[in-house]
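> Curious how this folds, go ahead:
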Amino acid sequence: MRIHLIAIGGSAMHNMAIALKKKGYDISGSDDEIFEPSKSRLDDNHLLPSKIGWDENRITKDIDAVILGMHAKPDNPELIKAQKLGLKVYSYPEYIYNQSKDKKRVVIAGSHGKTSITSMVLHVLKNLDLNFDYLVGAQIKGFDTMVKLSDAPIMIIEGDEYLSSPIDRRPKFLWYKPHIAVISGIAWDHINVFPTFENYVEQFRLFVNSIEKNGSLFYYEGDKELEHIVQNKTSNIHTEEYTAHANRIENGKTILIGKTKEIPLEIFGEHNLQNLMAAMLICEELGISNDDFYQQISSFDGANKRLELIAESENCKVYKDFAHSPSKLKATTKAVKTQYEGKKLIACMELHTFSSLNKEFLEQYSGTMDQADEAIVYFNPHTLEHKGLASISKEEVVEAFLPSKVKVYNSSVELQSYLESIEYKNHILLLMTSGNFDGIPLDAYAKQLLS
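Now for the predicted structure:
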């Protein structure tokens, strides 16, 4: 089987390339830019293109399939050549479905918590030595790649609602047709693709109705939009609500309250206890006992960049988190403040994504940092220019976050100067971004601040 990946350097695409090579396929690829860690990982697996850029001569009749990544454009010369030759061109999620159509598919969807729930399920299954395939949106501990494709009977898929490809504008998760599905909640995101909240919600309605007949859907009970979707579903499926698992906090440690015993956890936060409950329901559906689930989940210490502890001293800790959308920002800030009630919480977030930097979307951040003792927001005006967005001022950001009172910086140097001026005594510093505050090596920097 010969497969060519257009835009092989992407986070998901390079993992797909590695997974397919491990399966024994003949893999080639191309891209006009490849950054770390993709570059080194492709090179280590002898998959790094010999030259950067697009070349239609790479596309020949003997290619069995082409997989098109989101980084490519509809006028990509390799794509056009493939279409002229009549080659089968797959989007990334379409190919995942093609590889898993004979498996039991578990799909975790929702505006927040997808990676964490998926990671929890993978952690439990791996520790129980079960055979499974997977697709997850971030590199997680204990797994070499973000994708595994084999002859396993089940596949665990993180179901992203973003576009399938440059020529397929459907959400990725509509391809997967799950037998078991989770929706963690709906909070408007991807304003560049779904310009209204109603349009965004519609994608989840379509997802629910794509679940296989007699399948199962677990959904968060506190979400009114989800309740409405479930009440009006057209598919014949089992549905069940869930909420956060019963728990208590003791000396900064979260402890699950089971029917017969208590289980100390490495993770914390109301949102993570909701995620854990969703993961437990999935595992039950896969035939895993609650006792086995509890035993394995107790050692789960989180997905990368999800409330990840990156530095600590005697009475201070620094966490980093991927939170950037309003719902994630609010949940993460609340989680840390609740866990460390007696400490001063400094929460610092970066407006970095298309949605977060959109002037019309900014008002969605109202009140999202109320739980912080001190709230800081950073954005880079050049990022706005790069994304073709209208400029925003510090004053507009301050107003958007009200009633949360925030300090706003648009210079990474000035932000670092301020963070370095703080005397960290009995503090928790929470760094939330899908980027890196324009070049700050967060792990090393956090250790520097506490030293």
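> Send me whichever strand or helix holds Gln448 as CSV with only the CA atoms.
Element membership for Gln448, per DSSP states H and E: helix 442-450. The C-alpha trace of helix 442-450 is given here as CSV (Å, rounded to 0.1, in the frame of the first residue of the first chain):
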residue,chain,number,x,y,z
LEU,A,442,7.6,27.9,30.0
ASP,A,443,9.1,25.0,31.9
ALA,A,444,12.5,26.5,32.3
TYR,A,445,11.1,30.0,32.9
ALA,A,446,8.8,28.7,35.7
LYS,A,447,11.8,27.2,37.5
GLN,A,448,13.7,30.4,37.1
LEU,A,449,10.9,32.4,38.7
LEU,A,450,10.8,30.2,41.8
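> Give me the distance between it and the centre of its chain.
Chain-centre distance of helix 442-450: 24 Å, with CA atoms, centre = their mean, to the nearest Å.
> Which neighbouring elements make contact with it?
Contacts defined by 3 or more CB pairs under 8 Å, 6 or more residues apart in numbering; DSSP states H and E place helix 442-450 against strand 308-312, strand 317-321, helix 412-421, strand 427-432. (Each C-beta comes from the backbone N, C-alpha and C, glycine too.)
> can we see that at 6 Å?
On a contact count with 3 or more CB pairs under 6 Å, 6 or more residues apart in numbering; DSSP states H and E, helix 442-450 meets strand 308-312.
> Tell me the buried residues in the strand it packs on?
308, 310-311 (16 or more other CB atoms under 10 Å).
> Also stretch 283-298?
Buried-residue list, stretch 283-298, by 16+ other CB under 10 Å: 283, 285-286, 288, 293-294, 296-297.
> Ok, stretch 77-86 next?
77-79, 81-82.
> Turn the residues you listed into CSV, including secondary structure, distance to Leu122 and pLDDT.
Converted to CSV, these look like this (DSSP: H, G, I helix; E, B strand; the rest coil; distance: CB to CB, whole Å; pLDDT from 0 to 100):
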residue, secondary structure, distance to Leu122, pLDDT
Pro77, helix, 38, 98
Glu78, helix, 33, 98
Leu79, helix, 32, 98
Lys81, helix, 37, 98
Ala82, helix, 33, 98
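> ok, Thr234 - contacts?
By CB atoms under 6 Å, 6 or more residues apart in numbering, the contact list for Thr234 reads Asn209.
> and it, which of the three is it?
Here Thr234 is recorded as coil under DSSP: H, G, I helix; E, B strand; the rest coil.
> State the distance from it to Ser210.
10 Å (CB to CB, to the nearest Å).
> swap in Tyr378?
In this view, Tyr378 and Ser210 are 39 Å apart by CB to CB.
> Tell me the buried residues in the least confident helix or strand in the chain by mean pLDDT?
None of the helices or strands of the chain scores lower by mean pLDDT, DSSP states H and E than helix 381-386, at a mean of 90. Buried residues in helix 381-386, counted by 16+ other CB under 10 Å: 383-384.
> do the same with stretch 118-129
Buried residues in stretch 118-129, counted by 16+ other CB under 10 Å: 118-125.
> Stretch 203-221 too?
203-205, 207-208, 210-212, 215-220.
> distance of the closest residue to Thr243 other than its chain neighbours from Leu281?
Distance criterion CB to CB, 6 or more residues apart in numbering; nearest residue to Thr243, sequence neighbours excluded, is Glu221 at 5.2 Å. Going from Glu221 to Leu281 by CB to CB gives 12 Å.
> Please apply the same query to Lys359.
For Lys359 relative to Leu281 (CB to CB), the value is 40 Å.
> Please say which of those two ends up with more neighbours.
A count of neighbours by other CB atoms under 10 Å puts Leu281 above the other of Lys359 and Leu281, at 18 against 15.
> for the strand or helix carrying the more buried one, packing partners?
Taking DSSP H and E as the definition, one finds Leu281 inside helix 270-285. The contact analysis (3+ CB pairs under 6 Å, 6+ apart) places helix 270-285 against helix 114-127, strand 216-220, strand 238-242.
> could I get the ones you listed as JSON lines with mean pLDDT?
Shown next, in JSON lines, are these (pLDDT from 0 to 100):
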{"stretch": "helix 114-127", "mean pLDDT": "96"}
{"stretch": "strand 216-220", "mean pLDDT": "97"}
{"stretch": "strand 238-242", "mean pLDDT": "97"}
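> so can I have JSON lines of these showing distance to Lys61?
JSON lines is the format used below for the helices and strands packed on helix 270-285 (distance: least, CB to CB, whole Å):
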{"stretch": "helix 114-127", "distance to Lys61": "38"}
{"stretch": "strand 216-220", "distance to Lys61": "43"}
{"stretch": "strand 238-242", "distance to Lys61": "47"}
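> Kind regards, and thank you for your time.
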